[in-house]
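Colleague: what's the 3D shape of this:
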Amino acid sequence: MLVGTTKGSFILRSSAQRGRWEVGGPYFHGHNVYAMAYDGRAKQHRIWASTQNYWGTLLRFSDDFGKSWTNPQQAPIRFPSDTGVSLKNIWQIALGRPEEPNVLFCGVEPAALFETRDSGETWSLVRGLFDHPHRPRWMPGNGGLALHTIVLDPANNRRMYVAI
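Modeller: Residues are numbered from 1 along each chain as shown. Below is the predicted model of the structure:
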């Protein structure tokens, strides 16, 4: 089980009987961790985590169950300069379909969707949603104007649902 908190993250492990739990962490001590995801596609064991502190928001990963984490020098997810906005937070990390092991999506604040097709090396803003004509009428909730949920349609691989 992956647990993100306002003071770091934890990885909890147990046998199938759930008799006892082993707790790893805290990872990213003192950082806000809003989203985590486990990616076991293509025989990998990658854990993704969005971390936030006063230096900004970063997307990091571990391929060894938290023993080591990437530490990017700059945020891999950034809004293009023509948008006039900057990343405040990553609210969700969603895996692509099993047949697309290099695809991931991130829902962010301000409300937008980013995708990668190369396992997180490069990220692109999904312009169809960001440039939608209704965007100026989107209203923030208690957590801000964020894209917080991503659900891939199991019946149609060209459709997904998002919640803002």
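
Colleague: how near is the residue nearest to the spatial centre of the chain to D131?
Modeller: Compute the mean C-alpha point of the chain, and by C-alpha atoms, centre = their mean the closest residue is I93, 2.6 Å away. Going from I93 to D131 by C-beta to C-beta, to the nearest Å gives 23 Å. The C-beta positions use only the backbone N, C-alpha and C, and glycine is treated the same way.

Colleague: Pull the contacting residues for the residue nearest to L104 when sequence neighbours are not counted.
Modeller: Closest residue to L104 apart from its sequence neighbours, by C-beta to C-beta, 6 or more residues apart in numbering: T116 at 5.1 Å. Applying C-beta atoms under 8 Å, 6 or more residues apart in numbering, we find T116 in contact with 102-104, 122-124.

Colleague: Kindly provide the distance from T116 to I77.
Modeller: Distance from T116 to I77, counting by C-beta to C-beta: 9 Å.

Colleague: Overlap in contacts, those two.
Modeller: When contacts are counted by C-beta under 8 Å, 6+ apart, T116 and I77 are jointly contacted by W123.

Colleague: Now name the helix or strand holding the residue lying farthest from the centre of the chain.
Modeller: Within the chain, G19 marks the point farthest from the mean C-alpha position, 30.1 Å out by C-alpha atoms, centre = their mean. Under DSSP states H and E, no helix or strand contains G19.

Colleague: separation between T149 and L95?
Modeller: T149 is 14 Å from L95, by C-beta to C-beta.

Colleague: of the two, who's got more company?
Modeller: Neighbour totals were compared for T149 and L95, and L95 leads with 19 against 13 (other C-beta atoms under 10 Å).

Colleague: Could you give the bridge partners of the closest residue to that one other than its chain neighbours?
Modeller: Spatial nearest neighbour of L95, chain neighbours left out: D39 (5.6 Å); criterion: C-beta to C-beta, 6+ apart. D39 forms beta bridges with R46, as assigned by DSSP bridges.

Colleague: Alright, calling it a day.
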